[in-house]
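Visitor: Here is a sequence together with a model predicted from it:
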Amino acid sequence: MMVSEEDIRSIIGQVESLKEKAYSIDGNKDFASQGIDSLDMLSVYLMIQERYNVEIPDEDIPKLDSIKSIVEYLNSRLNG
Amino acid sequence: MLGIKEIASYVPNERRSNYELMGKFDVGSEFLEKKIGVRQRAIKGKQERASDMCVKAFEALVNKTDIDLSQIDCCVVVTQTPDFNIPHTSAIVHGKLGLKENCACFDISLGCSGYVYGLAVVISFMEANNLRHGLLFTSDPYSEIVDENDKNTALLFGDASTVTYIGEEPKFTLGKTLFGTWGKEFDALIKKEKLSMNGRSVFNFTVLKIPEHIKRTVEENNLKMEDIDLFLLHPGSKYIVDMIVARTGIDKSRVPFEMYDYGNTVSSSIPLMLENRLDKNDIRYMLLSGYGVGLSWATTVLRRERP
């Protein structure tokens, strides 16, 4: 299974407070610099875990700071 | 049948503003209001201990209802910030209130699930032992243990205490109570030198466990979600309550959120919300759900018996 940037935007769009931002955020830039706070990211990480049935350990979280990094991480975990 | 006759509380007057900490923790007002849900925190006096706060709550109870101290035969304190590790805080409260000798006293060491546990434990214990006049206190002065430089906890917790008078001819009785524990994550919220919290663990546990637990508790009480007039959910944070609401599909208007001006008061948060609703006669069923340190959770349904 290959995860796309579109898949991650779709998940982000399901977070109530990020609905309107999901398709306008820059996939290459980090979330924090685009006004997305740590609590919203907790929702995103949890929904990714549920969607892909993958456990993301706490130590991997700092690396997952942009859509691009999440896509690469998931593709590595799911297909690696 | 025993149940809740009255509730009173003590919230210290002193407040510390979270707005003054926005620069220190690099957060904005929207984060404080819409995500954390705390504008200012209630802070106790430096010399005040958990037992002193219980006594203040009791003084408020005396002003609300007739209560005969010589009849109190059960005194229980829910706390994880006791005056001392030894002895139990309920004995100290017993002494300060001058309760009679043949009065059962014990503490319950639980945090945010503590009030729901406390109701279930105390009512069962009293019924089994033919006790008739109980005081269930909650008192968690977290300002003693919060690290003021820790963003995860410094913006969240406030001090408060409550007392619930349990006896016959109650306003509300307790339905079936369901409990849960996730001991594998005991260190998600822990006090060593100071309190520390793994916010992600607590968030994931709450969002994954509590919505289903609420639905199951309603079913186990032979009710439907629409029968519940109010859902009093422990305000871990505004964001957590919003997530539970979204995942259960409960109408927001049935989920009060009231910690903006005093903070997350741990075991006192649910009775603080309940206190002002005991006399709202249009409320027949209320669900109470507490979850947090342990990780521990407990949910029950209250049923109105009289106005």
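Guide: Sure thing, it's come through.
Visitor: check which helix or strand covers residue 7.
Guide: If you meant another chain, say so; for now it's chain A. helix A:5-12 (DSSP states H and E).
Visitor: oops, chain B please
Guide: strand B:2-10.
Visitor: C-terminal to that strand, which secondary structure element comes first?
Guide: With DSSP H and E, the next secondary element past strand B:2-10 is strand B:15-17.
Visitor: List the strands paired with that next one, with their directions.
Guide: Strand B:15-17 pairs in its sheet with strand B:40-42 (antiparallel), by DSSP bridges.
Visitor: Show me where chain A has its helices.
Guide: For chain A, the helices defined by DSSP state H cover A:5-12, A:38-52, A:67-79.
Visitor: Out of those helices, which gets nearest to B:Tyr142?
Guide: B:Tyr142 lies closest to helix A:38-52 among the helices of chain A, at 20.1 Å (Cβ to Cβ). Using the backbone N, CA and C atoms, a C-beta is placed for each residue, glycine as well.
Visitor: that older thread, tell me how far the helix holding A:Asp7 is from the chain's mean position?
Guide: 7 Å (Cα atoms, centre = their mean, to the nearest Å).
Visitor: go on, stretch B:198-216?
Guide: 17 Å.
Visitor: could you dump that stretch to CSV, C-alpha only?
Guide: Provided in CSV are the C-alpha atoms of stretch B:198-216 (Å, rounded to 0.1, in the frame of the first residue of the first chain):
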residue,chain,number,x,y,z
ASN,B,198,2.8,12.3,28.6
GLY,B,199,0.0,14.3,26.9
ARG,B,200,-0.1,12.0,23.9
SER,B,201,-0.6,8.9,26.0
VAL,B,202,-3.4,10.5,28.0
PHE,B,203,-5.0,11.9,24.9
ASN,B,204,-4.9,8.6,23.0
PHE,B,205,-6.3,6.7,25.9
THR,B,206,-9.1,9.1,26.5
VAL,B,207,-10.2,9.3,22.9
LEU,B,208,-9.9,5.5,22.3
LYS,B,209,-11.5,4.3,25.5
ILE,B,210,-14.0,6.8,26.9
PRO,B,211,-16.5,7.2,24.1
GLU,B,212,-17.2,3.5,24.0
HIS,B,213,-17.2,3.3,27.8
ILE,B,214,-19.9,6.0,28.0
LYS,B,215,-22.1,4.2,25.5
ARG,B,216,-21.7,0.9,27.3
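Visitor: Give me the mean pLDDT for it.
Guide: What stretch B:198-216 shows for mean pLDDT is 94.
Visitor: Buried residues, it. List them.
Guide: B:198-207, B:209-211, B:213-215 (16 or more other Cβ atoms under 10 Å in any protein chain shown).
Visitor: Could you list which of the residues you listed also contact chain A?
Guide: With Cβ under 8 Å from any Cβ of the partner chain as the criterion, the buried residues of stretch B:198-216 include B:Asn198, B:Gly199, B:Arg200, B:Ser201, B:Phe203, B:Asn204, B:Val207 near chain A.
Visitor: re earlier: can you tell me what sits against the helix holding A:Asp7?
Guide: Helix A:5-12 is contacted from outside by A:18, A:21-23, A:25, A:27, A:44, A:47-48, A:51, A:67-68, A:70-71, A:74, using Cβ atoms under 8 Å, 6 or more residues apart in numbering or on different chains.
Visitor: Out of the residues you listed, which is nearest to chain B?
Guide: A:Met47 (9.6 Å; Cβ to the nearest Cβ).
Visitor: Pretty sure the closest one sits against A:Gln14.
Guide: Yes. Counting by Cβ atoms under 8 Å, A:Gln14 is a contact partner of A:Met47 at 6.3 Å.
Visitor: Who has more neighbours out of those two?
Guide: Applying other Cβ atoms under 10 Å in any protein chain shown to A:Met47 and A:Gln14 shows that A:Met47 carries more neighbours, namely 17 against 14.
Visitor: what comes up buried for stretch B:132-140?
Guide: Along stretch B:132-140, these residues count as buried under the neighbour rule (16+ other Cβ under 10 Å): B:His133, B:Gly134, B:Leu135, B:Leu136, B:Phe137, B:Thr138, B:Ser139, B:Asp140.
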